[in-house]
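Novice: pasting the structure only:
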């Protein structure tokens, strides 16, 4: 006997609404009485670490974070032949930006001939359907379009489905080449943040009290990736919540060595100069080094 829809809905209500495991029917145990936590999985390799750079209005051109698919660049989908004919269509890509970032990110769906030079000149299909129970639903994570209504749009025929929208193509919060089991945490000393590899070795250390970043056992490119991900977070707690803006406008951040960043500031009236070691310093105009 198939699982009833009521049981499925009860599971979703408890899982999504309350973050709890379903241990009994709704008649016997309400969601507020489920006591075993069951939080949703948050995969580090799917966390959009540059999501804050996504504009609230979908841009007209692509960037390092947002890839635009409009006009002649609309994505021609392929039919999922494992499903009912013409029912489901695949973009072949993932991480489409959903309208929670702004209403303009709502994908648009068009039907046109295969290989169309500009499918937006074809027929647009609306999510609410045409009044014939032919609604569609787009899964932004998987890039899959499914005609979720009872019927299919009559205009599909031998045509193809095209998607207009945008995808997130920025970095993801992963350990990367530091190792799949790398971790970020405190050292026990106030203001010190450490990145450790899978063997629990400290590979990057950030000290916010003297604004230095040091690394070992990793190449410089790995160090810089780690710095890019967590420097903003560290500095935002030290400089009034504005992070790098206040940090850099009051001094100079420079490469002290191949794997160490350093920060220096000057006082009123001083100018920045390069010392005999080739490093920047703030000096008085008459040469009195700080």
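Specialist: Good, I have the coordinates. Everything numeric in this text was worked out from a predicted model, so none of it was measured. Residues are numbered from 1 along each chain as shown.
Novice: State which strand of the chain is the longest.
Specialist: strand 160-168 (DSSP state E).
Novice: So which elements touch that strand?
Specialist: Using 3 or more Cβ pairs under 8 Å, 6 or more residues apart in numbering; DSSP states H and E, the elements in contact with strand 160-168 are strand 66-69, strand 75-76, strand 108-112. From N, CA and C alone the C-beta is placed, and that goes for glycine too.
Novice: center of the protein - which residue?
Specialist: Most central in the chain under Cα atoms, centre = their mean is residue 48, positioned 1.2 Å from the mean C-alpha point.
Novice: what sits against it?
Specialist: Residues near residue 48 by Cβ atoms under 8 Å, 6 or more residues apart in numbering: 54, 95, 168, 170, 172, 173.
Novice: Tell me how far the first one lies from residue 129.
Specialist: It refers to residue 54. From residue 54 over to residue 129 the distance is 29 Å, taken as Cβ to Cβ, to the nearest Å.
Novice: swap in the fourth one?
Specialist: Residue 170 is 34 Å from residue 129, where distance means Cβ to Cβ.
Novice: Residue 82 and residue 144: what is the separation?
Specialist: Going from residue 82 to residue 144 by Cβ to Cβ gives 12 Å.
Novice: which of those two has more neighbours?
Specialist: Each of residue 82 and residue 144 has its neighbours counted (other Cβ atoms under 10 Å); residue 144 has more, 19 against 6.
Novice: Excluding covalently adjacent residues, which one is nearest to that one?
Specialist: residue 90 (5.8 Å; Cβ to Cβ, 6 or more residues apart in numbering).
Novice: correct me, but that neighbour touches residue 77?
Specialist: Yes - counting by Cβ atoms under 8 Å, residue 90 touches residue 77, with 5.8 Å between them.
Novice: any shared contact partners between the two?
Specialist: Going by Cβ under 8 Å, 6+ apart, residues that sit against residue 90 and also against residue 77 are residue 145.
Novice: Give me the residue ranges of the stretch 1-150 of the chain where confidence is low.
Specialist: The model of the stretch 1-150 of the chain has pLDDT under 70 over residues 1.
Novice: what about the helices in it?
Specialist: Using DSSP state H, counting those that start in this stretch, the helices found in the stretch 1-150 of the chain span residues 5-12, 18.
Novice: a markdown table for those, including distance to residue 268 and mean neighbour count?
Specialist: Listed next are the helices of the stretch 1-150 of the chain as a markdown table, based on distance: least, Cβ to Cβ, whole Å; neighbours: other Cβ atoms under 10 Å:
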| stretch | distance to residue 268 | mean neighbour count |
| --- | --- | --- |
| helix 5-12 | 62 | 12 |
| helix 18 | 57 | 16 |
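Novice: would you turn those into JSON lines with distance to residue 269?
Specialist: Listed next are the helices of the stretch 1-150 of the chain as JSON lines, based on distance: least, Cβ to Cβ, whole Å:
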{"stretch": "helix 5-12", "distance to residue 269": "65"}
{"stretch": "helix 18", "distance to residue 269": "61"}
